[in-house]
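J.: Got a sequence here, can you build the structure:
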Amino acid sequence: MSTPAPAAQPQSTRRTLLLASIGAVAVGGAAYGGATWWQSRQAQPAPRVAGAKGDRPIVVSGDGIRGPKGMVWVPGGVFQMGSDSKMAQPNEKPAHPVQVQGFWMDRAHVTNAQFREFVNATHYVTTAERKPDWETIRVQSPPGTPMPPEGAMVAGAMVFVGTDKPVNLNDWSQWWQYMPGANWKAPQGPGSSIEGKDDHPVVQVSYEDALAYAKWANKRLPTEAEWEFAARGGLEQATYAWGDDYQPNGQPMANIWDRTAKGRFPVVSAKAGGAIGTQPVGTFLPNGYGLVDMTGNAWQWVADWYRSDYFQLQSRAQGGKPIDNPTGPQDSWDPEDASAPPAAPRRVTRGGSFLCNEDYCLSYRPSARRGNDPFNPMSHIGFRLVSDAPRPAS
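T.: Residues are numbered from 1 along each chain as shown. Okay, here's the model as predicted:
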């Protein structure tokens, strides 16, 4: 596989494209610090997987009596968080020991059907359905940035639109648009719908939306450490959630942008056959804990604030000793987005999406991590939740 550029998920995109309407910011490669860093990397052999087949975890599924229904038990333990692979970006390094306690986790992303049940019960209005709030945009903007004109402040969300021919991958604004009217019920904007997609991950939900659903469901977002431990499925430092082989026996293992099936990213062509987008949860095999789509399909919000240097800080502070149940930093720091203040609020997203690919994004790896504006819903971001319900009986 070739080495990729940074990622298929732009940062602060709602803010960037709204402000671009008044010429306050420029869009393009600055949003990620340049694609050339990834292109300079050389692939290395995949890391070794710990444990023989007989050591694989026993899948424990909740049935509503012995554990929450629709959730699986993640037993916890000590693991190496992050990665020192040459495939890893600096924000994934260094690998360092972390300990998490056991917890229940949703087997799959929260689906459109589940989110509809929440909205019907609470009459909740999502971020994408509201007029953008200037204060949430202002904190993501350089000091002194003027407020966009009233006409630009319309409800909507970021939508992947693709291109009709190959383009320079340093400018993500060529394949993303702020789409008025886009929301969880119309993920691609006016005229689109989720009809017939009850079992797809809900997308176009912000961090705030995920918290509201979690409160209603009496659950919570996982910490970044819990998420990565769960995604690894008991495989120590494996490249993917299923092991080290990208496609074992030629079998696809996640909903990502596979060049062979869909052509070159981000070109939307007849070759893709309309297959660019989410797929039903559980289309692919589960990992060792029984979790499906931990990577691919849709990015997942997790609880932590995002600092690009957090793993470095943690590793130095602990001196090689396992960090017990880390809950993330106290603030955000992300110098990679040159058009926003480094301390602009960011929450962690994990797992990659249907847009991740070998040309531009290898975030369908358990260690891959990214920060995102918590008020920035997008057509490839969803979530799943965890519960602190009692552990299953032995």
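
J.: From the chain's centroid, how far away is the longest strand along the chain?
T.: What stands out as the longest strand in the chain, according to DSSP state E, is strand 299-305. In terms of CA atoms, centre = their mean, to the nearest Å, the gap separating the centre of strand 299-305 from the centre of its chain is 7 Å.

J.: Likewise for stretch 77-95?
T.: So, by CA atoms, centre = their mean, the centroid of stretch 77-95 is 17 Å from its chain's centroid.

J.: Likewise for stretch 94-102?
T.: Distance, centroid of stretch 94-102 to centroid of chain: 20 Å (CA atoms, centre = their mean).

J.: do stretch 232-243 as well
T.: 17 Å.

J.: same thing with stretch 130-140?
T.: On CA atoms, centre = their mean, the centre of stretch 130-140 falls 22 Å from that of its chain.

J.: circling back: next structured bit after the longest strand of the chain?
T.: Scanning forward in sequence from strand 299-305 by DSSP states H and E, the next helix or strand is helix 310-318.

J.: how about that following helix as PDB, C-alpha atoms only?
T.: Output in PDB follows, covering the C-alpha atoms of helix 310-318 (Å, rounded to 0.1, in the frame of the first residue of the first chain):
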ATOM      1  CA  TYR A 310      -1.100  14.300  24.900                       C
ATOM      2  CA  PHE A 311       0.500  10.900  24.400                       C
ATOM      3  CA  GLN A 312       4.000  12.500  24.800                       C
ATOM      4  CA  LEU A 313       2.900  14.300  28.000                       C
ATOM      5  CA  GLN A 314       1.400  11.100  29.400                       C
ATOM      6  CA  SER A 315       4.500   9.000  28.600                       C
ATOM      7  CA  ARG A 316       6.900  11.500  30.200                       C
ATOM      8  CA  ALA A 317       4.700  12.000  33.300                       C
ATOM      9  CA  GLN A 318       4.400   8.300  34.000                       C
END
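
J.: what about it, average pLDDT?
T.: The pLDDT scores in helix 310-318 average 94.

J.: can you check stretch 297-305 too?
T.: 98.

J.: cool, and stretch 201-219?
T.: 98.

J.: Paired strands for the longest strand of the chain, with orientation please.
T.: strand 347-350 (antiparallel), strand 381-382 (parallel) (DSSP bridges).

J.: who touches the shortest one?
T.: Same thing as strand 381-382. Outside of strand 381-382, the residues within contact range by CB atoms under 8 Å, 6 or more residues apart in numbering are 9, 109-110, 201-205, 278, 297-301, 349, 353, 372. Yep, even glycine has a C-beta here, placed from its N, CA and C like the rest.
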